[in-house]
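Trainee: Requesting a structural model of the entry that follows:
(one chain, ligands or ions: 2)
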Amino acid sequence: SGRVEFRDVHFAYDPNRQILKGVSFEVPAGKTVAIVGPSGAGKSTISRLLFRFYDIQQGAILIDGQDIRDVSQQSLRGAIGMVPQDTVLFNDTIAYNIRYGRVNADEEDVRKAADLAQISSFIQRLPDGYKAMVGERGLKLSGGEKQRVAIARTILKAPPILMLDEATSALDTQTEQEIQSALDQVSKGRTTIVIAHRLSTVISADEIIVLADGGIAERGTHAELMGKG
Ligand code: ADP
Ligand code: ADP
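Mentor: Ligands and ions are numbered 1, 2, ... in the order given. So this is what the prediction gives:
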């Protein structure tokens, strides 16, 4: 389960400016579709629409054939795991931040998720915001480490659908590779939508959709899109 379908989706934040002018694509259950395109093309809008933060003006968005207008926001949040560009952590231990993905998870599950995300060495520590209060227990996390906390949280939550928002864009090469392997762990067998700036980061996607001017300019596998030059 977890098939996602955008069917002729029209959307505007402001009636004078159409952002999506009839966008259709399908992500079969367990497959990965990447959405690429220039800044402002509407990539993040697609992720907000899937969570139903806004209602579309025309068309439909379906999960397993069900129109998301008939699904509660709570169920949507349960079904979709999001790894955002920029993760805001709670002022509590990293373990607590991971457990937020599934609050009834036991210690062992938290540990496993942390292992897969390669952050097990610091799960008992606290993010930077608490440093002044807790002295040496404070821990300043880099952007990449915060992202791995978000990945561990999502591994623990194990949602059928994953939304990855330009997850590795702002990182150095070494960190990007570590994050990529953690993301591969979490996306295995899940319906995944990756929002990316560059084609080079989504080589293994089953389909790449290039958004431009409110529509789909091109679509295909990485090899197909590269073949077109
Ligand atoms: P991308 O993720 O491809 O960079 P976005 O989906 O964030 O693009 O934005 C698409 C367009 O919609 C941009 O022109 C952006 O300025 C505009 N936009 C995004 N969010 C809002 C909003 N809440 N209200 C009005 N315009 C918005
Ligand atoms: P992200 O892609 O990480 O969501 P954005 O910069 O696109 O970051 O948006 C940050 C916030 O600002 C979002 O809540 C978005 O809806 C809002 N936003 C983005 N662009 C606009 C805009 N042109 N007008 C109003 N709100 C906007």
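Trainee: residues from this protein in reach of ligand 1?
Mentor: Applying C-beta under 6 Å from any ligand atom, we find that the chain lies next to ligand 1 at 13-14, 19, 37, 39-45. Backbone N, C-alpha and C define where each C-beta goes, glycine included.
Trainee: taking these one by one, which sit in helices?
Mentor: With helices taken from DSSP state H, the overlap with these comprises 43-45.
Trainee: Need the three-state assignment for the residue nearest the centre of the chain.
Mentor: Residue closest to the mean C-alpha point of the chain, counted by C-alpha atoms, centre = their mean, is Leu164 at 2.0 Å. The three-state label given to Leu164 by DSSP: H, G, I helix; E, B strand; the rest coil is strand.
Trainee: Okay, helices next: where are they in the chain?
Mentor: Using DSSP H, helices in the chain cover 43-50, 73-79, 94-99, 107-116, 131-134, 143-157, 173-187, 222-227.
Trainee: Could you list the buried residues of the second one?
Mentor: When burial is assessed from 16 or more other C-beta atoms under 10 Å, helix 73-79 yields the following buried residues: 76, 79.
Trainee: I'd like the mean pLDDT over it, please.
Mentor: When pLDDT is averaged over helix 73-79, the result is 93.
Trainee: surely Val186 meets Leu116?
Mentor: Yes: contact criterion C-beta atoms under 8 Å: Val186 and Leu116 qualify, at 7.4 Å.
Trainee: quick one: low-confidence parts of this structure?
Mentor: For the chain, the stretches with pLDDT under 70 are 127-139, 166-171, 228-229.
Trainee: If we use 80, what do you get?
Mentor: Within the chain, the ranges that satisfy pLDDT under 80 run 85-86, 124-143, 166-180, 182, 185, 198, 200-201, 228-229.
Trainee: returning to that earlier point: who does the residue nearest to the centre of the chain bridge with?
Mentor: Val83, Val194 (DSSP bridges).
Trainee: Touching, it and Ile193? I think so.
Mentor: Yes: contact criterion C-beta under 8 Å: Leu164 and Ile193 qualify, at 7.2 Å.
Trainee: any idea which of the ones in helices among the residues of the chain next to ligand 1 is the one closest to Ala205?
Mentor: Comparing those against Ala205 with C-beta to C-beta places Lys43 closest, at 13.7 Å.
Trainee: residue contacts, that closest one?
Mentor: Shown here is Lys43, whose contacts under the criterion C-beta atoms under 8 Å, 6 or more residues apart in numbering are 35-37, 166, 195, 211.
Trainee: Excluding sequence neighbours, find me the nearest residue to it.
Mentor: Leaving aside its sequence neighbours, Lys43 sits nearest to Ile195 (C-beta to C-beta, 6 or more residues apart in numbering; 4.5 Å).
Trainee: again, but for His222
Mentor: Of all residues not flanking His222 in the chain, Ile203 sits nearest, at 4.7 Å (C-beta to C-beta, 6+ apart).
Trainee: doesn't Leu156 make contact with Arg99?
Mentor: Yes: using C-beta under 8 Å, Arg99 is in contact with Leu156, at 7.0 Å.
Trainee: what touches both of those two?
Mentor: 105, 110.
Trainee: circling back to that earlier point, PyMOL command to pick out the buried ones of the residues of the chain next to ligand 1?
Mentor: To isolate the buried members of the residues of the chain next to ligand 1 in PyMOL, using 16+ other C-beta under 10 Å:
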select buried, resi 19+37+41+42+43+44+45
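Trainee: Mind putting the residues of the chain next to ligand 1 into TSV with distance to Gln147?
Mentor: Output for the residues of the chain next to ligand 1, formatted as TSV (distance: C-beta to C-beta, whole Å):
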residue	distance to Gln147
Tyr13	27
Asp14	32
Ile19	27
Gly37	22
Ser39	20
Gly40	23
Ala41	23
Gly42	23
Lys43	18
Ser44	16
Thr45	22
